[in-house]
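Asker: Turn this into a model:
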Amino acid sequence: MTVAQPDVSVIIGAYEAMPYLIECLASVEAQTLDPERIEVIAVDDGSTDGTGEYLEEFAERAPMHVLVIRQENSGGPSGPRNVGLGKATGRYVFFLDADDRLGPEALERMVDMADRAGTDVVLGKVEGVNRSAPKSMWGKTVERADVYSSNIKFTLSAQKLFRRALLERHGMRFDESLFTGEDALFTMEAYLRADGVSVVADHTCYYLVGRDDGKHVTKSGSYTLRFDSARALMNLIAELVPAGGRRDQLMVRPFLVTLLPQFGPKYLTDSEEIRRHKFELAKPLMDAYWTEGVAQRLKVHERLRLHLVAEQRPDLLLDVVKFVKAKKQAAALLERKGRRVYLAYPHFRDRAAGIPDSVYLAEPREARVFPGYREGGVDTFVRRAVRKARRVLTSREVRPAA
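Answerer: As a prediction, the model looks like this:
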């Protein structure tokens, strides 16, 4: 008898996951999608806390097909996910962390969305439990979006529905050499290669659970691993997207989320040796990918810090980081009759520092909060002059001959 292909393969990589695994598996069992349309592939990555045994017990009683693989510890989440992906037979795959849990109806809603819209990736709304979760991309349900027209670049975790044919066509797997940010690399590649991405924003599909023991993988890892992650993501974006506005738009994500925190409050407690090393690690990335297009998309304090990193000015950076950590509001200087707002962070118009005024210039979205700001600037006057000239020319063209 021919066994029907499952709709979705739920891949669970599990390491020392008890007792969180109990609720995780219960959330899979409670899904409204027909159990015959689901397969679970659970990879126990060398646990010693009963995780493997509990997975085997679940496999015996679960209504859907469950494959349990037990292996020696691989040292990270990529290995188990890749093993599971190699065994998957579903039309779609969903990566579920053993600490987390699915929302009710999650798989049914995401599979229905992918089938209806014909998209290759589906994001289901995520909520945090004892931890924060991304928020900016859940404004509304969208059947067909992409990485440029939405905020999905700010959720690059692997907990999404992927069309397996897309992954197989491009030989996509998680990079096992990375110990943080491996899911960002995988998900960004999927976004860029996908024939459309859908967003299910009107129903919570995933609960991101913060562990009481603090052992969640994203909390571990040294600063050098963060630079490895930023480098890999920047290189991927550069490989798949030509230089220009679209690339700059995507580069905001690794600069803002991965690189900038290395020059945040933690920098103040770093030793001189680590500070020097961070600048050394950042230099090739700044040289290759820091552009005016990226800079213009950031807030002033973000742009200023990264500018100083790009210019290799650790002496000036320290004052800026202290100012930012103190949560002080930089004084606003309005010029050009309110059409320009400069934020006077440390070293503003300091001749010795030599930082261009443009670094301190607030973009409209940041400038709007300051009383007296008049949006538009020079470009508005140019556009008005052009419109006036066109009206004059038009009136001359239609004026009847004497």
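Asker: for the strand or helix carrying residue 25, packing partners?
Answerer: In this assignment (DSSP states H and E), residue 25 forms part of helix 20-29. The contact analysis (3 or more CB pairs under 8 Å, 6 or more residues apart in numbering; DSSP states H and E) places helix 20-29 against strand 8-14, helix 51-61, strand 92-97, strand 101-102. From N, CA and C alone the C-beta is placed, and that goes for glycine too.
Asker: Report the central residue of this structure.
Answerer: Per CA atoms, centre = their mean, the C-alpha nearest to the average position across the chain is that of residue 154, at 3.0 Å.
Asker: Taking strand 8-14 as reference, get the angle to the helix holding residue 25.
Answerer: Using axes from the mean of the first three to the mean of the last three CA atoms, to 10 degrees, the inter-axis angle of helix 20-29 relative to strand 8-14 is 180 degrees.
Asker: mind giving me TSV with the helices and strands packed on helix 20-29 and columns for mean neighbour count, mean pLDDT and distance to residue 181?
Answerer: Formatted as TSV, the helices and strands packed on helix 20-29 follow (neighbours: other CB atoms under 10 Å; pLDDT from 0 to 100; distance: least, CB to CB, whole Å):
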stretch	mean neighbour count	mean pLDDT	distance to residue 181
strand 8-14	26	97	16
helix 51-61	17	97	24
strand 92-97	25	98	15
strand 101-102	24	98	23
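Asker: Let's have the ones you listed in TSV, adding distance to residue 361.
Answerer: Listed next are the helices and strands packed on helix 20-29 as TSV, based on distance: least, CB to CB, whole Å:
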stretch	distance to residue 361
strand 8-14	46
helix 51-61	53
strand 92-97	42
strand 101-102	46
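Asker: Quick one: closest of the ones you listed to residue 228.
Answerer: Comparison of the helices and strands packed on helix 20-29 against residue 228 by CB to CB identifies strand 8-14 as nearest, at 20.1 Å.
Asker: what sits up against that closest one?
Answerer: 21, 24, 28, 33, 37-45, 47, 51-52, 55, 77, 79-81, 84-85, 87-98, 107, 111, 161, 164 (CB atoms under 8 Å, 6 or more residues apart in numbering).
Asker: Which stretches in the stretch 201-350 of the chain count as strands?
Answerer: Secondary structure of the stretch 201-350 of the chain (DSSP state E, counting those that start in this stretch): strands at 331-335, 340-344.
Asker: Can you pull out the residues in contact with the first one?
Answerer: Going back to what we said before, that points to strand 331-335. 340-344, 362, 370, 372-373.
Asker: for the last one, same thing?
Answerer: For strand 340-344, the surrounding residues in contact (CB under 8 Å, 6+ apart) are 300-301, 330-335, 348, 357, 360-362, 366-367, 370, 373, 377.
Asker: Just the ones of these in helices?
Answerer: Those of the contacts of strand 340-344 mapping onto helices are 300-301, 366-367, 377, per DSSP state H.
Asker: Output the contacts of strand 331-335 in CSV, with neighbour count and distance to residue 120 appended to each entry.
Answerer: Putting those into CSV (neighbours: other CB atoms under 10 Å; distance: CB to CB, whole Å) gives the following:
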residue, neighbour count, distance to residue 120
340, 17, 43
341, 24, 42
342, 21, 44
343, 21, 41
344, 13, 47
362, 22, 38
370, 14, 43
372, 9, 48
373, 17, 42
